[in-house]
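**Q** Requesting a structural model of the entry that follows:
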Amino acid sequence: MIVSELNIYPIKSCRGISKNQAEITQKGFLWDREFMLVNSAGKFLTQRQYPQLATVKVEIQDSQITLSSLDQSLRSVTFSPTLIGEKIKVEIWRDRTTAILQDDQVSQWFTTLLNTPCYLVRQSPDYIRSIDENYAPSNNLPVSLADGYPFLITNTASLTELNRRLKETYNNEAQTVSMNRFRPNIVIETEVPFIETKWKIIRIGEIQFSLVKPCTRCIITTTDQITGYRNPLQEPLKTLGTFRKLAQGIMFGENMIPLNLGIIRVGDSIEIIE
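**A** Predicted coordinates for the structure are as follows:
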């Protein structure tokens, strides 16, 4: 088994960036979910409410970030991330933390795209957002602005099995989906679907990870991650629910916490430790 994909998502719910290698930090890959959008009350906004966020391409070059969209009425915008802007209280799920407002111009760009007032914020390094202590191996372990955990791992055989069932149900190749529907950080190439559900500790390259919780899936999986089009049949979530539904929800992939720091690369092998 080897790593076949590495992805970061600098702005929560916008498009990811594929990497050949990525740096592990305690709270996730470097730059992953470093930014998110909030409304005027400071509550986070995602593709759940605004599927058009899937159309936003994010590019990082030196110290600047450039955004572009399929929306032809919007020109691309470039901004310099800051850690010295105004700090505001924000809410992400049940967590309340402090984040740093970014350039007004980029917030206005997103306001135009979503047709609702919103603001781009950056996670503040001065405030730890902790992983749920029910799953973390120790207290006060940090996480980015991801839904709850530093890393999400999926495997290619799981997607193959899901697509087999979709084709069987609809007799239509058009209903099959790409892995980007599940927005993983790490994709591994395997021949056994959902094999990662049996793992507790693995090593990728020189980095050890603790697999702590299956990932509950939501309506974002029904959104095309290029066009923002939402499947009216609620696929692939509907079919996934026929064979991957547990008491906690519909599952695909596993959430992970890093046990040491460093760099992992596409092509790295996976060792099962426990």
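
**Q** moving C-terminal of the lowest-mean-pLDDT helix or strand in the chain, what's the next helix or strand?
**A** Every helix and strand in the chain was compared by mean pLDDT, DSSP states H and E; the lowest is strand 245-246, with a mean of 93. Downstream of strand 245-246, the next assigned helix or strand under DSSP states H and E is strand 249-258.

**Q** List the contacts of the least confident helix or strand of the chain.
**A** Under the criterion Cβ atoms under 8 Å, 6 or more residues apart in numbering, residues 214, 251 lie in contact with strand 245-246. All C-beta spots, glycine's among them, are computed from the backbone N, C-alpha and C.

**Q** For the helix or strand that residue 214 is a member of, list every residue counted as buried.
**A** Assessed by DSSP H and E, residue 214 sits inside strand 207-216. For strand 207-216, burial by neighbour count (16 or more other Cβ atoms under 10 Å) applies to 207-215.

**Q** Quick check: residue 251 touching residue 241?
**A** No. Between residue 251 and residue 241 there is no contact, the gap being 9.6 Å when judged by Cβ atoms under 8 Å.

**Q** Those two: who's more crowded?
**A** The neighbour count for residue 251 versus residue 241, taken as other Cβ atoms under 10 Å, is higher for residue 251 (18 against 14).

**Q** tally of neighbours for the nearest residue to residue 142 once chain neighbours are set aside?
**A** In space, and not counting its chain neighbours, residue 142 is closest to residue 27: 4.2 Å by Cβ to Cβ, 6 or more residues apart in numbering. Neighbours of residue 27 under the rule other Cβ under 10 Å: 26.

**Q** can you tell me how far residue 27 sits from residue 159?
**A** Distance from residue 27 to residue 159, counting by Cβ to Cβ, to the nearest Å: 27 Å.

**Q** Got phi/psi on residue 9?
**A** phi -130, psi 80 (degrees, to the nearest 10).

**Q** One more: the one 4 residues further on?
**A** Recorded main-chain torsions at residue 13 are phi 80, psi 0, according to degrees, to the nearest 10.

**Q** so who does it touch?
**A** By Cβ under 8 Å, 6+ apart, the contact set of residue 13 is 36-37, 45-47, 50, 53-54, 220.

**Q** for residue 197, same thing?
**A** When contacts are counted by Cβ under 8 Å, 6+ apart, residue 197 touches 214, 251, 254.
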